[in-house]
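[1] any chance you could fold what I've pasted below:
(one chain, ligands or ions: 2)
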Amino acid sequence: MKILTSQQMKQVDDTAIREYMMPSVLLMERAAMAIAVAGKKMLTFEGLSGVLICCGPGNNGGDGLAAARHFHEMGIPVRILLLAAPETFTHDTLANYHMALKWGLETEFYEDRKDQLEALENWQSGQFLIVDAILGTGLSRQVSGRAYNLIQWINRHPSPVLAVDIPSGIHGDTGKVMAIAVDATKTVSFGLPKVGNVCFPGAEYNGSLSVADIGLPPELLIKAPCVARRLSVADIIDLLPDRPRNAHKGTFGSLLVIAGSTGYTGAAIMAVRGALLSGTGLINIAVKESLNHIFEQTLWEAITTPLKEGEDGGFSAEGIKRMHEQKSRSQAVVAGPGWGSGKGWSEVLEGLLSQADCPMVLDADALNLLVGRLHWLKELKSPVIITPHPGEMARLTGMSIEAVNNNRLKTALEAAKQWGVHVVLKGAGTIIASPDGKAVINSTGNEGMAKAGSGDVLAGIVGSLLAQGMQAFQAAAVACWIHGKAGDVAADVIGKRSITAVDIINALPEVYRRLETREGFNENHAG
Ligand SMILES: NC(=O)C1=CN([C@@H]2O[C@H](COP(=O)(O)OP(=O)(O)OC[C@H]3O[C@@H](n4cnc5c(N)ncnc54)[C@H](O)[C@@H]3O)[C@@H](O)[C@H]2O)[C@@H](O)CC1
Ligand SMILES: [K+]
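    Numbering: from 1, shown residues only. Ligands and ions are numbered 1, 2, ... in the order given. Modelled structure (predicted):
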């Protein structure tokens, strides 16, 4: 599914209005009907007896005013709170304001007075639904003053909240919370989801997210430029490499994992286990000689290449030579998990990047080594995928973690373009960005996966799919989906709190089994 910026969505709306002769009030009417249908279900489900609709001056408020008519026609008591004077309304919002009056509805101005809100609280004995039509994709500045206070009141009130298009206060292009945002129970977005609906932190505020058809011409939606996409189960099934019946282990590629050091052997083991269970034919793990016995004993299915150690981490010159020989026999490399901070690893990394003759995943300590050495990524011969979490991304870019998180999509896209690598910016709603400007926002996974070792498993899955011949961007996006889904499957069985990286690994077979048997997964648009 496509994800649009506010501007891209507006372009679609404008083209529908100008070139497809769709009156803008008709689009608003369809949007309002979708809100009324969703709202009616919430009223029934929660046993509520009225709808309080909070309307801003823009078209988002117009959707709310039009929805008021539909609720009224359904016989549901409606109360309309206006945040701005009608003189400031957009054309269609004003039209719907007048229609609401003609339909016999009353409106009241939000005075920002305590007694007004106290009186509201007891309306319908407090049993009402709140419709948030304060701000939509036209949000352009920090929320302050009366709008801030009303949103604060909405968030404190026990009523369920239905957000129109996007929760008010979430920036449509970034997902950033503009000082405050409505914490919705459900959000109905129109046409296609906006970045703010799917990018965290904004995505957290949707509650459950659905996308309503408001009658925009299908061919316009198909042609519409988008800033990112979201992969469905069908996409994942489509993208996964075929497994021919007459395959041999060479068919499924050979992966070299360069990982682990004293204190961090677990990281290497988890990366290899993630890769093993993702279908690679042959896995070779390049490790320090002194640690070899650990891998021999724990990773029966992998081959180990014990290498002479360097003075401060990494390998000796002879060890590095052997590592390159092994690399030349591999279709993909995973480097970095559990390296530790020894300076010797920088030689290993520089060598890998200067002779990058197969696709490579750089994770964890390999990323820390790249800080201040991003020029090593210049003139890469093969695709490189980096998998930073926001902290690593902040160190790599020199931005603050807050700045990274406030614009995750743009940060990943710009880094990918500037450094010429594929970027997997981890965290809720992982962003996968390519150097040529493509992006995917991942929909799977849960907070239970925020545990040490989880990233190592992901690096292993990406490496495995690369070794099986997938293109770098697709391998990264599919791996993130599968990794997240394994976390979701694990959460279903043991709950989120207790999930460990090993549980994610153990859930991988079930994820692949369901994909292979095309067994349905519950799609969750809100991710
Ligand atoms: N034809 C269309 O374009 C359609 C638009 N639709 C709705 O229209 C919305 C977009 O409408 P608009 O572009 O009018 O934008 P909004 O309705 O989001 O509001 C923009 C207004 O809010 C003000 N504003 C911006 N930031 C503010 C802040 N922080 N605090 C207080 N006021 C602020 C602006 O000055 C402007 O007056 C969508 O989210 C969707 O709900 C739907 O009706 C479907 C069709
Ligand atoms: K809204």
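
[2] going forward, measure contacts between C-alpha atoms and count neighbours the same way
    Fine.

[3] list the buried residues in the helix or strand of the chain with the lowest mean pLDDT.
    Using mean pLDDT, DSSP states H and E, the weakest-scoring helix or strand in the chain turns out to be helix 114-121, at a mean of 91. By neighbour count on 16 or more other CA atoms under 10 Å, the buried set for helix 114-121 is 117, 121.

[4] in the helix or strand just after that helix, which residues are buried?
    Next along the chain after helix 114-121, taking DSSP states H and E as the criterion, comes strand 128-133. If you call a residue buried by 16+ other CA under 10 Å, then strand 128-133 has these buried ones: 128-133.

[5] closest to H98 among these?
    Of all the buried residues of strand 128-133, H98 sits closest to A133, with 16.9 Å by CA to CA.

[6] which residues touch the closest one?
    53-56, 60-64, 163-164, 168 (CA atoms under 8 Å, 6 or more residues apart in numbering).

[7] pLDDT at the closest residue to ligand 1 within the stretch 151-300 of the chain, what is it?
    For the stretch 151-300 of the chain, the residue closest to ligand 1 is D165, as judged by CA to the nearest ligand atom, at 4.9 Å. What the model reports as pLDDT for D165 is 98.

[8] now do I431
    pLDDT recorded at I431 is 98.

[9] can you report how many residues lie near it?
    Per other CA atoms under 10 Å, the neighbour tally for I431 reads 30.

[10] how near is it to P244?
    As judged by CA to CA, to the nearest Å, I431 and P244 stand 31 Å apart.

[11] before we move on, what about S210?
    38 Å.

[12] ok, which stretches of the stretch 201-350 of the chain are helices?
    For the stretch 201-350 of the chain, the helices defined by DSSP state H, counting those that start in this stretch occupy 218-223, 233-239, 265-276, 292-298, 317-328, 344-354.

[13] pick the most deeply packed of those helices.
    helix 265-276 (a mean of 26; mean count of other CA atoms under 10 Å).

[14] any chance you could give me that one in PDB, C-alpha atoms only?
    Extracted in PDB, the C-alpha atoms of helix 265-276 (Å, rounded to 0.1, in the frame of the first residue of the first chain):
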ATOM      1  CA  THR A 265      29.500 -14.700  21.300                       C
ATOM      2  CA  GLY A 266      25.700 -14.700  21.700                       C
ATOM      3  CA  ALA A 267      25.300 -11.900  19.100                       C
ATOM      4  CA  ALA A 268      27.100 -14.100  16.500                       C
ATOM      5  CA  ILE A 269      25.100 -17.200  17.400                       C
ATOM      6  CA  MET A 270      21.800 -15.300  17.100                       C
ATOM      7  CA  ALA A 271      22.700 -13.800  13.700                       C
ATOM      8  CA  VAL A 272      23.700 -17.200  12.400                       C
ATOM      9  CA  ARG A 273      20.500 -18.800  13.900                       C
ATOM     10  CA  GLY A 274      18.300 -16.100  12.300                       C
ATOM     11  CA  ALA A 275      20.000 -16.800   8.900                       C
ATOM     12  CA  LEU A 276      19.900 -20.600   9.300                       C
END
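
[15] now it: mean pLDDT?
    96.

[16] show me what contacts N60?
    Counting by CA under 8 Å, 6+ apart, N60 has contacts 133-137, 164-165.

[17] now G207
    183-187, 526.

[18] got CSV for the residues you listed, with distance to D436, neighbour count and pLDDT too?
    Conversion of the contacts of G207 to CSV gives the following (distance: CA to CA, whole Å; neighbours: other CA atoms under 10 Å; pLDDT from 0 to 100):
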residue, distance to D436, neighbour count, pLDDT
D183, 35, 26, 98
A184, 35, 26, 98
T185, 37, 18, 98
K186, 35, 24, 98
T187, 32, 27, 98
A526, 26, 21, 39
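
[19] hang on, the earlier thing: can you put the contacts of A133 in CSV and add distance to R141?
    Output for these, formatted as CSV (distance: CA to CA, whole Å):
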residue, distance to R141
I53, 22
C54, 19
C55, 17
G56, 14
N60, 16
G61, 17
G62, 20
D63, 21
G64, 21
A163, 19
V164, 19
S168, 12
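
[20] out of these, which touch ligand 2?
    Subset of these in contact with ligand 2: 163-164, 168, counting by CA under 5 Å from the ion.

[21] among the residues you listed, which lie within strands?
    Among those, the members falling in strands (DSSP state E) are 163-164.

[22] still on that earlier bit, restricted to buried residues, select the contacts of A133 in PyMOL.
    Selection of the buried residues among the contacts of A133 in PyMOL, burial being defined by 16+ other CA under 10 Å:
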select buried, resi 53+54+55+56+60+61+62+63+64+163+164+168
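
[23] ligand 1 contacts on the chain?
    Proximity of the chain to ligand 1 (CA under 6 Å from any ligand atom) is limited to residues 10, 13, 24, 27-28, 31, 57-61, 63, 135-143, 164-165.

[24] for the stretch 101-250 of the chain, what are the low-confidence residue spans?
    Filtered on pLDDT under 70, the stretch 101-250 of the chain yields no residues whatsoever.

[25] what does it put close to ligand 2?
    132-133, 135-136, 163-164, 166-168.

[26] kindly recompute the last result at 6 Å.
    132-136, 163-168 (CA under 6 Å from the ion).

[27] just put those residues in a markdown table and tack on distance to G281.
    Listed next are those as a markdown table, based on distance: CA to CA, whole Å:
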| residue | distance to G281 |
| --- | --- |
| D132 | 53 |
| A133 | 54 |
| I134 | 55 |
| L135 | 53 |
| G136 | 50 |
| A163 | 48 |
| V164 | 49 |
| D165 | 46 |
| I166 | 45 |
| P167 | 47 |
| S168 | 50 |
